[in-house]
Every structure is written in C-alpha cells, then in structure tokens.
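Chemist: Next input, structure requested:
(one chain, ligands or ions: 2)
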Amino acid sequence: MKKSETLLKKLSYERKNFWQKSSKKERERAFEFAEGYKSFLDQAKTERETVSFFNDFLQSNNFQIMGSGNSSKHLYKVARDKNVAIAVIGEKPISEGVNLIVSHIDAPRVDLKQNPLEEDATTGLGIMKTHYYGGIKKYQWMSTPLALHGVIIKKSGELIRISIGEDKDDPVFIMPDLLPHLSQKEQYSKKIGEAIVAEHMKVIFNSIPYLSDEEEEVKNAVKLNALVLMNEKYGIVEEDLLSAELELVPAGKARDAGIDKSMVLGYGQDDRICAYTSVMAMIEAAKKDLDRTAIVFLADKEEIGSESNTGAKSIFIIDFIADLLKSNGEKNDSENLRKTLLKTQILSADVNAGINPNYPGVHEKDNAVHIGYGVSITKYTGSRGKSSSNDANAEFNAKIIRIFNEDKINWQIGTLGKVDEGGGGTIAKFMAEYGAEVIDCGPGLLGMHSLYELCNKADLYSTFKAYRTFFQKT
Ligand code: MN
Ligand code: MN
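Modeler: Numbering: from 1, shown residues only. Ligands and ions are numbered 1, 2, ... in the order given. You can find the predicted model right below:
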C-alpha cells in the first residue's frame, strides 16, 4: 500500500458495511434477532397492541408493576394502555442521573371517523368514513387490503378489543382506488398530494341488506345489516362507535425481503423497531449489574406532535422517575427530581431515512444513512436552519461514538435529507426540555411512513447492540 493510501486509511472516516465487517457468528445473530422482531411486528400493529405485547413480555421476565409494594429492581408501569415505562435500578443513586431510551409506538394509519357508518346513497353499499392519522401519502392506502384494529367501550363500560383482517379466515377491508380509464380529471390533472381527497377515503364495509320475510321494504337495509352483524358479534350499538378508537392498518404479516433475506418488510417499523430493540437491549444489559439506572419509555402520539396525555410531552415519564426515586429510598421533591433530570442521558430512539436508490437526489450521501451500515447517530433533525431541532452537544455526541467504538458497534452518522429539502423532528427536543443530554439514535429505513417499510437486519441488530452498550457503558 502506498504511504498516501495508508495515511488516508488512518486519518479519514469511512462508514463500514455490517455484512462485510462482521464475523459469521455476528451475521447469524443478526438473522436470528430478526425472527423475534418479525413476530413482534405481527402481534403489535397498534400502540395498544404494542403495550399489551410488552406487558406480557415483562411479566414473563419477572418485572414488577411499579407501586405494587415490592423491592424488585425490575419495574414497569403502563399508562392508559398506550405508554410503558420500564426501569432496571442501577448500583448508583438514581439522583445521579439515569440512562433513558425513548421511542414511540404509534404509526401513521387511517382511523375510522367517530360517526363512521353510512349507507352510500348512490351505490347502496355500507361504508365507513375515515380520518387519517399522521403523515401518510394517501394514494398508498387506496386499493390495498386493510385490517381493522382497536377498542370499543360499551355503555356498560366493558372494553371490546377488535382485530379483523389478520387471521387467514378473516375478511379484510378496502378503499377502492379509481380505475386509470376514468382518472383523467379526478386524479391525473392534479398534483400528487391532492389527487386523493381525504373525504373520499371510505372503506367498503358490507353489501348485503337486512333481509326480512315479513317486511317488504326495509329502510337503510344495508346499514341496518351492518349494525345487526356488529351487535351479534360484539354486542354493540351504533352509539358505541362514537367513542371508539378504530384504526385501519395494512393487513398481513412482516416478511423477509431480498433474495438474500437480508431485510425485513413490514408495517409500522417507524418506530416499533426502536421500541423492540430498546426493550430487548435493556433485558440483555440487565443480565449484569448496571451502574446507572436504565429506563425505556415507549410513547404514543409522536406522529401528531407528541401531543395529548399519552404523548411524550405528558408528565408521565417524569412522574415515573419521581416514583423510582421514592421506591429507591431517595428524595423525590421537585429539586431532587430536577437535578436527576439534568444528569440524565437520553437516546431519542427513532428511525432515520436511508438513502433510497430510486430517489438519491434528496440526500447528501456523506451525511445520510446508508442501509446495512449500522445504527445511525443523528446530531440534529429539524428543517431549514435546524429549526425545531434538538442539536446534541458535541461532548455527548462524542461520548456515544466512543462507547460504540469500544464495543465495536456498526454505527454511522445520518441527517435527514439535503439542507432545505424538507425535514422532520423526533421526540428528542421534548426530552431536552428537562435539561438532560439527548441525541437521536436509531436505524435507517427505506420507504418510511409507507404501508410497508424496509429495514436491514444488519441495522436492526446493530441498533439492539448500540442500545445495550448505552445501558451498560454510560
Ligand atoms: Mn418516528
Ligand atoms: Mn414517523
């Protein structure tokens, strides 16, 4: 090798491909890890189902519910079926700060409207009206099989869990797109973002009218039949739908992708990939005694700005840390809580956009995430001049890189797109309001926010390893 080449190798930064760099054993582990992940994606398609999955998982791993009056060092708390906070108490006092990984468990989707059911005047079909949630490209949701998930609270207060469209014998639902033959005025002449009108996104719900031997003419017979069927199956009446949370998501399971099966295709990986990897990392890390207390926080409502009492802006996580202080025999007054937060270190665990070979032009390749090159460390997000961004401090950023290097984690840096190309944000800036050190860290995806997002098993596994290192080493 020439001297200049040796120097270049020694002095310059180059991201490394996981598959090239890793041992056979590590490559096998990446594949194995993805099996559990796919099964998780199939069971956890909504925020509530994700909470339910982890509740069962934590129970079977001997975690105790916070406040249940025991002295366990493995604690968790569920809030409103949509948030989970999980802790493993470390050796040091909690007031010396905790290591927290926060991700979100909501994903873009299409909700039913509160008063959804209608008998269409023109076609006589039973339809359900919808209102989308989060940043979707509406055209992707047309003419694709959808499953209906959610909860209905009956007048008695009884909660009914709904999941229709995932079992092979279940029916699915569809919002039929317009045929190309007649799309000239309705769609082709419009901008892509305007071609699908939200109010036209109606699901075909049923088509058979209520049939009666005694009555010749039944009014609204198709709608009536839909109500009768739902009443028979769930014991509900139409008014029960008015308060329900019913979510349409792509029907079907996560799949391997690529001839080498190196990738996973599935719905809702933003951000359940970080939820899954952070919980698994915590379980692994806790097999050894931890120096600092580790916390995983799974939040809802990130896709609509972390709003509401189940979003990351709520006091839930702060209340959880205050309770932890108390259960650990430490003061949990306002001052001690503030000091704890100021000494806390947070990974805002969210996905980033990998460079898409179909649209390389929106990225600046040296500062973008490359699929298969490991977990991404994202110093800042935001848009325009880093607006609405948490801009992590160089000291904390360097510390994260240092510990990842020590444990030979495949990592890379990644920012979201070219400057002024667009942009976006994460939970990081809300967490930073507590005064803690915060940095974004997670895998890149292709086709983020589409029906089927693509991740690389290398990045999935590297993210798990990175989070484990964060809990063990910081
Ligand atoms: Mn996200
Ligand atoms: Mn998102």
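
Chemist: Residue numbers of this structure in contact with ligand 1?
Modeler: Contact residues, the chain versus ligand 1 (CB under 5 Å from the ion): 270-271, 350. For every residue, glycine as well, the C-beta is placed using N, CA and C.

Chemist: Tell me which of those residues fall in helices.
Modeler: The helices, defined by DSSP state H, take in 270-271 from these.

Chemist: can you pull out the strands in the stretch 251-400 of the chain?
Modeler: Using DSSP state E, counting those that start in this stretch, the strands of the stretch 251-400 of the chain run over residues 255-257, 263-266, 294-299, 345-348, 352-353, 375-378, 382-383.

Chemist: my guess is Y276 contacts Y37, does it?
Modeler: Yes: applying CB atoms under 8 Å as the test, Y276 and Y37 come out as touching, 5.6 Å apart.

Chemist: Of these two, give the one with the bigger neighbour count.
Modeler: Y276 (27 against 24; other CB atoms under 10 Å).

Chemist: what separates the residue nearest to that one when sequence neighbours are not counted from F57, distance-wise?
Modeler: Among residues not flanking Y276 along the chain, F40 sits closest, at 5.1 Å (CB to CB, 6 or more residues apart in numbering). Using CB to CB, to the nearest Å, we find F40 at a distance of 9 Å from F57.

Chemist: Ok, K219 next?
Modeler: The gap separating K219 from F57 is 49 Å, by CB to CB.

Chemist: still on that earlier bit, and K233, which of the strands of the stretch 251-400 of the chain is closest to it?
Modeler: Nearest to K233 among the strands of the stretch 251-400 of the chain is strand 263-266; the distance by CB to CB comes to 28.1 Å.

Chemist: mean confidence for that closest one?
Modeler: Across strand 263-266, pLDDT averages out at 98.

Chemist: strands paired with it, and their directions?
Modeler: Taking DSSP bridges as the criterion, strand 263-266 forms sheet pairs with strand 255-257 (antiparallel), strand 453-456 (antiparallel).

Chemist: Which stretch among those is buried most, on average?
Modeler: Burial of these is given as mean neighbour count (mean count of other CB atoms under 10 Å); strand 453-456 ranks first at a mean of 25.

Chemist: shaky segments in the stretch 101-250 of the chain?
Modeler: Along the stretch 101-250 of the chain, the model assigns pLDDT under 70 to no residue.

Chemist: longest strand of the protein?
Modeler: As assigned by DSSP state E, the longest strand anywhere in the chain is strand 109-119.

Chemist: If you count contacts, what does that strand end up packed against?
Modeler: strand 126-133, strand 146-153, helix 221-234, helix 238-241, strand 245-250 (3 or more CB pairs under 8 Å, 6 or more residues apart in numbering; DSSP states H and E).

Chemist: K219 and F57: which is more packed in?
Modeler: More crowded of K219 and F57, by other CB under 10 Å: F57, with 16 against 9.

Chemist: list the contacts for that one?
Modeler: V279 (CB atoms under 8 Å, 6 or more residues apart in numbering).

Chemist: Helix, strand, or coil at it?
Modeler: helix (DSSP: H, G, I helix; E, B strand; the rest coil).

Chemist: In a strand, E214, correct?
Modeler: No: counting by three-state DSSP, E214 is not found in a strand; it is coil.

Chemist: mind listing what the residue nearest to E406 when sequence neighbours are not counted touches?
Modeler: Spatially, and ignoring its direct neighbours in sequence, E406 is nearest to K473 (6.9 Å; CB to CB, 6+ apart). Counting by CB under 8 Å, 6+ apart, K473 makes contact with 403, 406-407.

Chemist: Relative to I400, how far out is K473?
Modeler: Distance from K473 to I400, counting by CB to CB: 10 Å.

Chemist: domain ranges for the chain?
Modeler: With domains defined by automatic domain parsing, the chain comprises 3-107+267-473, 109-250.

Chemist: Looking at these, which is nearest to K261?
Modeler: Proximity to K261 (CB to CB) singles out domain 3-107+267-473 among the domains of the chain, at 7.5 Å.

Chemist: before we move on, back to that, pick the one among the contacts of K473 closest to ligand 1.
Modeler: If you rank those by distance to ligand 1 using CB to the ion, I403 comes first, at 23.6 Å.

Chemist: got the CA positions of the host helix or strand of the closest one in PDB?
Modeler: If you go by DSSP states H and E, I403 is part of helix 394-406. Taking Å, rounded to 0.1, in the frame of the first residue of the first chain, the C-alpha atoms of helix 394-406 are listed here in PDB:
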ATOM      1  CA  ALA A 394     -20.500  17.600  20.800                       C
ATOM      2  CA  GLU A 395     -19.400  16.300  24.200                       C
ATOM      3  CA  PHE A 396     -22.300  13.900  24.500                       C
ATOM      4  CA  ASN A 397     -22.200  13.000  20.800                       C
ATOM      5  CA  ALA A 398     -18.500  12.100  21.100                       C
ATOM      6  CA  LYS A 399     -19.200  10.100  24.200                       C
ATOM      7  CA  ILE A 400     -21.800   8.000  22.400                       C
ATOM      8  CA  ILE A 401     -19.400   7.400  19.500                       C
ATOM      9  CA  ARG A 402     -16.600   6.500  22.000                       C
ATOM     10  CA  ILE A 403     -18.700   3.800  23.700                       C
ATOM     11  CA  PHE A 404     -20.000   2.400  20.400                       C
ATOM     12  CA  ASN A 405     -16.400   2.100  19.200                       C
ATOM     13  CA  GLU A 406     -15.300   0.400  22.400                       C
END
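
Chemist: Check which helices and strands that helix sits against.
Modeler: On a contact count with 3+ CB pairs under 8 Å, 6+ apart, helix 394-406 meets strand 375-378, strand 411-413, strand 437-442, helix 457-473.

Chemist: Rebuild the ones you listed as TSV, extending it with mean pLDDT.
Modeler: Converted to TSV, the helices and strands packed on helix 394-406 look like this (pLDDT from 0 to 100):
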stretch	mean pLDDT
strand 375-378	97
strand 411-413	97
strand 437-442	97
helix 457-473	97
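
Chemist: Can you lay out these as TSV showing distance to I136?
Modeler: Formatted as TSV, the helices and strands packed on helix 394-406 follow (distance: least, CB to CB, whole Å):
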stretch	distance to I136
strand 375-378	23
strand 411-413	28
strand 437-442	20
helix 457-473	23
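
Chemist: between those, which one is nearest to H149?
Modeler: Closest of these to H149 is helix 457-473, at 23.6 Å (criterion: CB to CB).

Chemist: ranking the helices and strands packed on strand 109-119 by burial, who's on top?
Modeler: Across the helices and strands packed on strand 109-119, averaging neighbours per residue (mean count of other CB under 10 Å) puts strand 245-250 on top, at a mean of 22.

Chemist: what residues does it touch?
Modeler: Outside strand 245-250, the residues within contact range by CB under 8 Å, 6+ apart are 45-46, 48, 107, 109-112, 116, 130, 133, 141, 144-152, 162, 173, 203, 267-268, 451-452.

Chemist: need the contact list for the residue nearest the centre of the chain.
Modeler: By CA atoms, centre = their mean, the mean C-alpha position of the chain lies nearest to D271, the distance being 2.4 Å. By CB under 8 Å, 6+ apart, D271 lies in contact with 103-105, 107, 302, 349-351, 442.

Chemist: Please consider this matter closed, and thank you.
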